[in-house]
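Student: how would this look folded up:
(one chain, ligands or ions: 1)
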Amino acid sequence: MTEVLRATGVTKRFAGIVALNDVTMAIDEGERVGLIGPNGAGKTTFFNCLLGVLPMDGGSVAIAGKDVTGVAAYRRVRAGIGRTFQRIELFPDCTVRDHLLVAERVRRGTGRLWKDMIGLGRPTSAELAQCDQVLGLLGLLDLADEPIERLSLGQGRLVEVGRALMTEPKLLLLDEPSSGLDRSETSALAKTLQEVQREQGFAILLVEHDVELVTSFTERSYVLDFGRLIAEGPTREVMASKEVRDAYLGNFEVKS
Ligand SMILES: Nc1ncnc2c1ncn2[C@@H]1O[C@H](COP(=O)(O)OP(=O)(O)OP(=O)(O)O)[C@@H](O)[C@H]1O
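Tutor: You can find the predicted model right below:
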């Protein structure tokens, strides 16, 4: 198995708070792994350290065997890490296809802002083909020319996933994809994600408060509490452990 992530001893402080304390995690290609813990445990901070959005105070990060500690975020994307956002970070007037095309240019490093600004930055046929392939995988092809503002929240989440897939990640970080979705929208999103993930073979690290989704979607989980890893192992065993239940299960949102 090839490792897509090895994070070792990741430590992050904000003023007096130790948000991450010596966190170590490894993920193999194609694995679906959960990262869970109560509010303020450090999950988003960990994502941001992996992505290079936040500098770390200690530790190292390797993506697909390449040490990216201290490396800029866009270079980490090219090394194989992708993400979706908890809050949908989309531009309401732009079409679904436009959102994906922008991401493709980030990966290739062919962002041509000056050309885009004077209308010369038309997408190439290869860019359009890749975009339509990803839209097809996610069942969004019929919506390609729709402005984002016409989409449901669930469809918007899939566009976020599509945008991340355009960078061809080996590891996709999903930040609370079920947030704001009802049970049936969450199940539909999970089903599509699972199908696409199986077909494409990338690994997923999922931050999620929805216990049902984490339990059904991930094989293994890590549990953070006050910035420390307090448990790791097969998700069902982790969820059943007393230490984990004591730490935070009372805070979990179980959707009916
Ligand atoms: N930019 C920041 N400045 C200061 N403190 C921060 C900053 N970002 C996070 N923290 C603190 O670091 C700790 C971890 O926060 P983080 O957002 O990573 O937790 P989380 O597990 O993602 O929580 P949630 O489930 O609520 O999203 C918290 O105590 C938080 O207040």
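
Student: which residues of the stretch 1-150 of the chain fall in helices?
Tutor: Here the stretch 1-150 of the chain has its helices, by DSSP state H, counting those that start in this stretch, at 43-51, 73-79, 96-108, 113-117, 125-137.

Student: just those: most buried one?
Tutor: helix 43-51 (a mean of 22; mean count of other Cβ atoms under 10 Å). Placement of C-beta: from N, CA and C, glycine included.

Student: pLDDT averaged over it - what is it?
Tutor: For helix 43-51, the mean per-residue pLDDT is 96.

Student: what's in contact with it?
Tutor: Around helix 43-51, the neighbours that count as contacts under Cβ atoms under 8 Å, 6 or more residues apart in numbering are 5, 7, 10, 12, 19-20, 23, 35-37, 54, 56, 59, 61, 73, 76, 81, 83, 86, 173, 175, 205, 207, 224, 227.

Student: out of these, which are close to the ligand?
Tutor: Ala19, Gly37 (Cβ under 6 Å from any ligand atom).

Student: could you list the contact residues of the protein toward the ligand?
Tutor: Phe14, Ile17, Ala19, Gly37, Asn39, Gly40, Ala41, Gly42, Lys43, Thr44, Thr45.

Student: between these, which sits nearest Ser152?
Tutor: Proximity of these to Ser152 (Cβ to Cβ) peaks at Thr44, which lies at 24.7 Å.

Student: for Leu141, what are its contacts?
Tutor: Leu141 neighbours (Cβ under 8 Å, 6+ apart): Asp132, Leu135.

Student: give me that answer again for 10 Å
Tutor: Leu141 is in contact with Val96, Arg97, Cys131, Asp132, Gln133, Val134, Leu135, counting by Cβ atoms under 10 Å, 6 or more residues apart in numbering.

Student: try Leu5
Tutor: 25-29, 31, 33, 50, 61-64, 80-81, 170-171, 173, 203, 205 are the contacts of Leu5 under Cβ under 10 Å, 6+ apart.
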